[in-house]
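Peer 1: what's the 3D shape of this:
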Amino acid sequence: TPSQYFPDTEIVLDMAVLSDAVYHLRKKVGSCNTTLAHSLDYETANGNEARFRRIRRVRREMLRAGGGDGETTEAQDVFNLLLPEGAECLHYSHDYSLGTQVLVVRSNIHKYVAVVYAGTDDWKTTLQDGEMLTGEFGPDPTDEISPLFEGVPEGAHVHRGFNSAVFDSDSFHTILDCVASARLGGSCDGNDGAGIDEDPPSSPYQLFTTGHSLGAADSVLLGATLHLTYPDEATRSINFGCPKVGNAKWSFWADSLQPDNGGQTPAGRTTSSTDGDGGNKGGGSSGGSFEIFRFVNKIDLIPRLPDLIVYAHAGHTIQMSVGGGIKAYYDHVGNDNLGYAGVPFGWEAGAFALLPFAVASHSSSHYVNYLADYRPDSGPDLNSSDVGSYVDGFERVEYVFDRTKDRGRKSSYA
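Peer 2: Numbers count the residues shown, from 1 in each chain. Presented below is the predicted three-dimensional model:
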């Protein structure tokens, strides 16, 4: 498998920073241009007082220099400090009734549009209550975009709570409209995107969805929706600490949308050409694709939940181990036909055996710090085929000869 198949290091870091940043917007901003009352006096419980002391200092300096409208400047200070370099806020909203907090950004450096979902403080309840039952994937049948979901297999069900958080949110259609405009260089919510050239881009910006914890689950559902909306394009969900989203049938369908791997095409998928960025495009006769990369920090508990047999992971598991060892597991469970290994035996049980450490491993800041500390060399040119990635291939199945039974024994510890 070529390393170009995996997301670039810089893209992964951007997604991790965004997934962490969206949490810090709570109780601070109401949109890309407005702050909430006394927002900069709000001290977080995550040790970010120093970050916001800096914001206050920058704001005072700008105001002394006559730096524009106070409220707008204050909001811009927040986003300038929290977002990755070159990324600008195009839409931000928080639906308090559902707990859905979402941010849309555009990167003028890496040429992408990303939709970022925040998790909820009440993840324990969400993963334990009646909303954990599965239901149909997609919006209400009366929704104007419901015809897009007619191709989803019958019985491909997802977590009802996650589905509601995405499709029942007041901001759902606003997000779709924003993505439609932003990918072509347009504006959202009156945010012009000052860093964008006056002429439309020669090709649409890359589409990413991301999030941490339950926000990661929401990002997977929105990513699948964007694929149905733009079936000829490549959409990727790069997320962190993601729980299981749907049943086996939904996961199999989602995996069927991914591109081929190094020219080895799983059954039921079409071989396709390579896109302009050195990555493989596939996932169907249309040439578009949807792919999920789920980063898991050590024994993070949330990716092992819900602990019910009806749920299954979709997408590739990127396991972050102690000491910087990172391994990629194809479709989580592997693929014997391609020779790819699944996650090791006991991958789920280990987290429950060390519960305090498993819960601590879930922090979004731990993901950011780990990926920053173990960042590989990205090469001299981010647009070349030499761009670095955290992994350069999927783990392979190894066969160990068993003398007692005179046959090969498969091991997933590749």
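Peer 1: Now for residue 100: which residues touch it?
Peer 2: Residues in contact with residue 100 (CB atoms under 8 Å, 6 or more residues apart in numbering) are 94, 117, 165-166, 169, 171, 218. All C-beta atoms are positioned from the backbone trio N, CA, C, and that covers glycine.
Peer 1: Who does it form a beta bridge with?
Peer 2: With DSSP bridges applied, residue 100 shows beta-bridge pairing to residue 95.
Peer 1: all helices of the protein, in order?
Peer 2: 9-21, 49-64, 70-82, 123-126, 160-167, 172-182, 214-229, 248-255, 349-353, 355-360, 364-373 (DSSP state H).
Peer 1: which one of those is the most hemmed in?
Peer 2: helix 214-229 (a mean of 27; mean count of other CB atoms under 10 Å).
Peer 1: how about the helices of the chain, which one is nearest residue 301?
Peer 2: helix 355-360 (3.8 Å; CB to CB).
Peer 1: Show the average pLDDT along the closest one.
Peer 2: In this model, helix 355-360 has a mean pLDDT of 88.
Peer 1: what does stretch 227-246 give?
Peer 2: Stretch 227-246 carries an average pLDDT of 97.
Peer 1: Buried residues in it, which are they?
Peer 2: 227-228, 230-231, 233-246 (16 or more other CB atoms under 10 Å).
Peer 1: Which of those residues fall within strands?
Peer 2: 234-240, 246 (DSSP state E).
Peer 1: for those, which one is nearest residue 181?
Peer 2: When these are compared against residue 181 (criterion: CB to CB), the nearest one is residue 235, at 16.6 Å.
Peer 1: That closest one: what's it in contact with?
Peer 2: Residue 235 sits in contact with 207-209, 223, 226-227, 288-291, where contact means CB under 8 Å, 6+ apart.
Peer 1: Return the closest of those with respect to residue 368.
Peer 2: residue 208 (16.4 Å).
Peer 1: what's the neighbour count on residue 204?
Peer 2: 18 (other CB atoms under 10 Å).
Peer 1: I figured it hits residue 186, correct?
Peer 2: No: Residue 204 lies out of contact with residue 186 (CB atoms under 8 Å); the separation is 10.9 Å.
Peer 1: Can you check which of the helices of the chain gets nearest to residue 333?
Peer 2: helix 248-255 (9.2 Å).
Peer 1: elements contacting that closest one?
Peer 2: Secondary-structure packing of helix 248-255 (3 or more CB pairs under 8 Å, 6 or more residues apart in numbering; DSSP states H and E): strand 157-159.
Peer 1: Pull out the buried positions in the strand it packs on.
Peer 2: Buried residues in strand 157-159 (16+ other CB under 10 Å): 157-159.
Peer 1: Equivalent analysis for stretch 18-34, please.
Peer 2: Of the residues in stretch 18-34, those buried (16+ other CB under 10 Å) are 18-25, 28-33.
Peer 1: Turn those residues into TSV, including distance to residue 328 and pLDDT.
Peer 2: Shown next, in TSV, are the buried residues of stretch 18-34 (distance: CB to CB, whole Å; pLDDT from 0 to 100):
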residue	distance to residue 328	pLDDT
18	21	97
19	19	97
20	22	94
21	25	94
22	25	94
23	26	92
24	29	89
25	31	90
28	36	84
29	35	87
30	39	88
31	37	91
32	35	92
33	40	86
